[in-house]
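Trainee: Kindly return the folded structure for what I paste below:
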Amino acid sequence: MTSTVPGHGRRGFARQLLRSDLVLLAAALIASGLGAVLVHSATRADAGSAYLVRHLLNLVIGLLIALAIVRLDRAALRALAPFVYLAGVVGLVLVLTPLGSEINGSRSWIQVPGGFSIQPSEMAKVGLCVALPMLLAPAAERRDRPRPREILLAGLVTAVPVLLVMAQPDLGSALVLVALALGVLVVSGASWPWLAGVLLAGVAAVVAAFTTPLLSAYQRDRLTAFLDPSADPLGIGYQTQQVRRAIADGGWGGQGLHAGDLTSSGAIPFQETDFVFSVAGEELGFVGAAFVVCLLGLVVARIALAGTRSDDPFVRLVCWAVASWFAVQSVENLGMNLGLLPVTGLPLPFLSYGGSSMFACWAAVGLVVAVTREERSATGRGPVRPRR
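Mentor: All right, here's what the predicted structure looks like:
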């Protein structure tokens, strides 16, 4: 199951890793390191260095996961795709049993020893990033559009985790899964009626969330506060107002690291997770916040570029699946910090505190490096460009 490309062995693997997209790896590492700084600033008043240590531990584990994945070649990843997908689905099922824990109106976590928790919806994202390309790559390999049977199977593979996530309920993660699937279908060459069907399914999920008792009272308050922050002045409305105020108070240069008035006072609940961007806005100002946006944009762009340059359909679809996931989740998190989108509880990739998110993000980076490093090793420069 290990790589069979030239340069086999530890030295060969090290050379291949150095030929990987170092810009992507550097951007993801810098984002994770900056996240540690922001998380520490948001939590040091109440918890000292506890969250900083855990964030760095999560980062180390995430890097080890990525390194393990990078050692696999494309054939191994395609063979393992069903098992990764099934592991995510099993986790989503278990979280709905008594093993699951409810936090803020959503039964999305499984508590494990040591005070840590696992969020299976993050693993489900990784599973879809390999399962959908495995199903849809054969069509491109025979230089054809995906057949209806292949698209319907891909739709079923997507619908299972989406419905399980909605049952928690977790509308934000469900929308990310739908967007990920849509990105893969677009790149696979699926015809527009199928793409329209996926969009309608996403819209139907949102409508169902608003018109049925699916969402908890806490989650409904989040959506209500987005439309009218004064409707819940002591709850989520207060939280979102404080977040916007913190970002606005940062100005151009910020109030200084560990010197943000609202951040230091702990006035923003869950600032280290959902609203870590507000720490950058208040303490690092517009310049620091823009740097965060540019870092995440660079990660997405490098992954999408790797997919665009590859002539291997499986590689292309994996890269675009990961790029779609990171792009949609980043936009949603930044949007809810800026008051442009409702609060859905999605973490900011690489920066927010949370082990499951960090592990999943680095696993996704590992996937991208694993599927593209063979092409880079063959040329010694970069991904092979598509033949015309």
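Trainee: At which residues are the strands of this protein located?
Mentor: 100-103, 106-112, 116-118 (DSSP state E).
Trainee: where in this protein is pLDDT low?
Mentor: 1-19, 104-105, 114-115, 205-206, 208-237, 374-388 (pLDDT under 70).
Trainee: Centre-most residue in it?
Mentor: residue 326 (4.8 Å; C-alpha atoms, centre = their mean).
Trainee: Quick check: that one touching residue 364?
Mentor: Yes: counting by C-beta atoms under 8 Å, residue 326 touches residue 364, with 7.4 Å between them. C-beta coordinates here come from the backbone N, C-alpha and C atoms, glycine included.
Trainee: Now residue 275. Its backbone dihedrals?
Mentor: phi -120, psi 30 (degrees, to the nearest 10).
Trainee: OK, contacts around it?
Mentor: 239, 243, 268, 337 (C-beta atoms under 8 Å, 6 or more residues apart in numbering).
Trainee: Tell me, how many residues neighbour the residue nearest to residue 20 when sequence neighbours are not counted?
Mentor: Leaving aside its chain neighbours, residue 20 sits nearest to residue 369 (4.8 Å; criterion: C-beta to C-beta, 6 or more residues apart in numbering). Residue 369: 22 surrounding residues under other C-beta atoms under 10 Å.
Trainee: so how far is residue 305 from the closest residue in space to residue 84 that isn't next to it in sequence?
Mentor: In space, and not counting its chain neighbours, residue 84 is closest to residue 127: 4.8 Å by C-beta to C-beta, 6+ apart. From residue 127 across to residue 305, the span is 24 Å (C-beta to C-beta, to the nearest Å).
Trainee: who has more neighbours, these two?
Mentor: Neighbours of residue 127 and residue 305, each counted by other C-beta under 10 Å, are more numerous for residue 127; the result is 26 against 17.
Trainee: how much space between the more buried one and residue 154?
Mentor: Distance of residue 127 to residue 154, computed by C-beta to C-beta: 13 Å.
Trainee: Please tell me how far the residue nearest to the centre of the chain sits from residue 340.
Mentor: 18 Å.
Trainee: can you check residue 348 too?
Mentor: When residue 348 is compared with residue 340 (using C-beta to C-beta), they lie 15 Å apart.
Trainee: of those two, who's got more company?
Mentor: A direct count of neighbours by other C-beta under 10 Å for residue 348 and residue 340 places residue 348 higher, at 28 against 11.
Trainee: which non-adjacent residue is nearest that one?
Mentor: In this structure, residue 348 finds its nearest non-sequential neighbour in residue 333, 4.3 Å apart by C-beta to C-beta, 6+ apart.
Trainee: Please apply the same query to residue 38.
Mentor: Of all residues not flanking residue 38 in the chain, residue 279 sits nearest, at 4.3 Å (C-beta to C-beta, 6+ apart).
Trainee: Pull the number of nearby residues for the one you found.
Mentor: By other C-beta under 10 Å, 35 other residues sit near residue 279.
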